[in-house]
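Chemist: Below are the sequence and a predicted model; questions follow.
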Amino acid sequence: MDATRRPVTEVERAIQAHTRAIARLINLLKHPDEAVRSAAAAALKQLDPPPTLALGEALLDSRDTDFCLRIVKVLVGLAGVDQVRVLCVLSQAFKERRDLEVKRAVATALLVLVTERSGPSPSPPERPAPDPKREEYPRDRDKSSSEQVAKRSSGPTGTPMNADDPEHRVRSAERPDGQDRGSGCRRSGPEPSATA
């Protein structure tokens, strides 16, 4: 026997047995008999503390879709006693799982749990009182939006603007030294000659 190896204590054996028992209960969720699967799910939900992280590892490691869907159901059942860990495990599973059916079930579970946790959405706030300074130029709410757009797109003489009409085209706002008036940046290309 190796002198550096210490003997396994009773406590360590009990911890190992507990870990094996949880793993066995989780694996029973794969059992072909529905009664066994239901009993295993009920037993997992009754454990204190709940085996949330062990279920999360099984969810992330398994490739069996039905097994993963059963784990998601068990995790939703555990949310009443271990909500933060369940939300963390489901969030991680949503990020890492590639199976669309499992990902959809995880997303649905997250939506249900987050809605339950935060409660119903609040009603929209009432509209604030109008600002008297802004009411100097009230919008004409009786006209349709198309009439308002047609009114805005008219030229200086009140005629509708036409992109093909040369009188309505926007001229370049360029200075004689080649700089754009708006940005202050030089134009690319050859420098304008000073002898013009």
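Modeler: Looks like it arrived, so ask away. Just so we're clear, the structure is a prediction, and the values are computed from it rather than from any experiment.
Chemist: what's the closest non-adjacent residue to Leu29?
Modeler: Arg70 (4.5 Å; CB to CB, 6 or more residues apart in numbering). (Each C-beta comes from the backbone N, C-alpha and C, glycine too.)
Chemist: Could you give the number of residues near the one you found?
Modeler: Neighbour count of Arg70, defined by other CB atoms under 10 Å: 25.
Chemist: Please report how far it lies from Arg98.
Modeler: 18 Å (CB to CB, to the nearest Å).
Chemist: Where does pLDDT dip in this protein?
Modeler: In the predicted model of the chain, residues 1-3, 117-196 satisfy pLDDT under 70.
Chemist: residue contacts, Glu116?
Modeler: Ala79 (CB atoms under 8 Å, 6 or more residues apart in numbering).
Chemist: That one: which element?
Modeler: Using DSSP states H and E, Glu116 sits within helix 100-118.
Chemist: Would you map the helices across this structure?
Modeler: Remark: helices assigned in the chain by DSSP state H are 10-27, 34-46, 52-61, 65-78, 83-96, 100-118, 145-152.
Chemist: Nearest to Thr4, out of those helices?
Modeler: helix 10-27 (16.5 Å; CB to CB).
Chemist: The helices of the chain into TSV, with extra columns for distance to Thr4?
Modeler: TSV is the format used below for those (distance: least, CB to CB, whole Å):
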stretch	distance to Thr4
helix 10-27	16
helix 34-46	38
helix 52-61	30
helix 65-78	39
helix 83-96	37
helix 100-118	44
helix 145-152	83
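Chemist: Check the ones you listed for me and report the most buried one.
Modeler: Mean neighbour count (mean count of other CB atoms under 10 Å) peaks for helix 65-78 among the helices of the chain, with a mean of 20.
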